[in-house]
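# Any chance you could fold what I've pasted below:
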Amino acid sequence: MDKKQLRKQIDAVDRRIVRDINERLEIVRLIGVEKKRLGLPVSNLTREAVVLSKTKTKFMKSIFKLIIQESKRIQI
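Okay, the predicted model is just below:
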């Protein structure tokens, strides 16, 4: 495969990543509405630990920490 084809594949993956993160953040927003309705705190350290435990590298852990941070901000 040549470089141009590989870059097209990367572009397709990038579009899926953006789409999936946007979908996740919309679900997070809905969870935030439900948490407010039930009087629950935004942070759930147990859930955060579960999410982070699924990552295999420091890089992925860093990305998910940012996603979790943004998720909390959305729920406030």
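# tell me the centre residue of the chain?
In the chain, the C-alpha nearest the mean C-alpha coordinate belongs to residue 67, at 4.2 Å (C-alpha atoms, centre = their mean).
# which helices and strands sit right next to the biggest helix by length in the chain?
In the chain, taking DSSP state H as the definition, the longest helix is helix 3-38. Packed against helix 3-38 by the contact rule (3 or more C-beta pairs under 8 Å, 6 or more residues apart in numbering; DSSP states H and E) you find helix 58-75. Backbone N, C-alpha and C define where each C-beta goes, glycine included.
# Enumerate the positions of the helix it packs on that are buried.
For helix 58-75, a neighbour-count test (16 or more other C-beta atoms under 10 Å) marks 64, 68, 71-72, 75 as buried.
# With stretch 25-43 instead?
So, applying 16+ other C-beta under 10 Å, buried residues of stretch 25-43: 28, 31-32.
# cool, and stretch 44-52?
Those would be residue 51, for stretch 44-52 by 16+ other C-beta under 10 Å.
# per-residue pLDDT, residue 46?
Looking at residue 46, its pLDDT reads 97.
# So residue 32 is in contact with residue 74, correct?
Yes: when contacts are counted by C-beta atoms under 8 Å, residue 32 is listed as touching residue 74 (6.1 Å).
# how about the buried residues of helix 58-75 in CSV, adding pLDDT and distance to residue 49?
Putting the buried residues of helix 58-75 into CSV (pLDDT from 0 to 100; distance: C-beta to C-beta, whole Å) gives the following:
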residue, pLDDT, distance to residue 49
64, 97, 11
68, 97, 10
71, 97, 14
72, 97, 14
75, 95, 18
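# how much space between residue 3 and residue 65?
To residue 65, residue 3 is 32 Å away according to C-beta to C-beta, to the nearest Å.
# Over to residue 18?
Taken as C-beta to C-beta, the span from residue 18 to residue 65 is 19 Å.
# Contacts only, for residue 55.
61, 63-64 (C-beta atoms under 8 Å, 6 or more residues apart in numbering).
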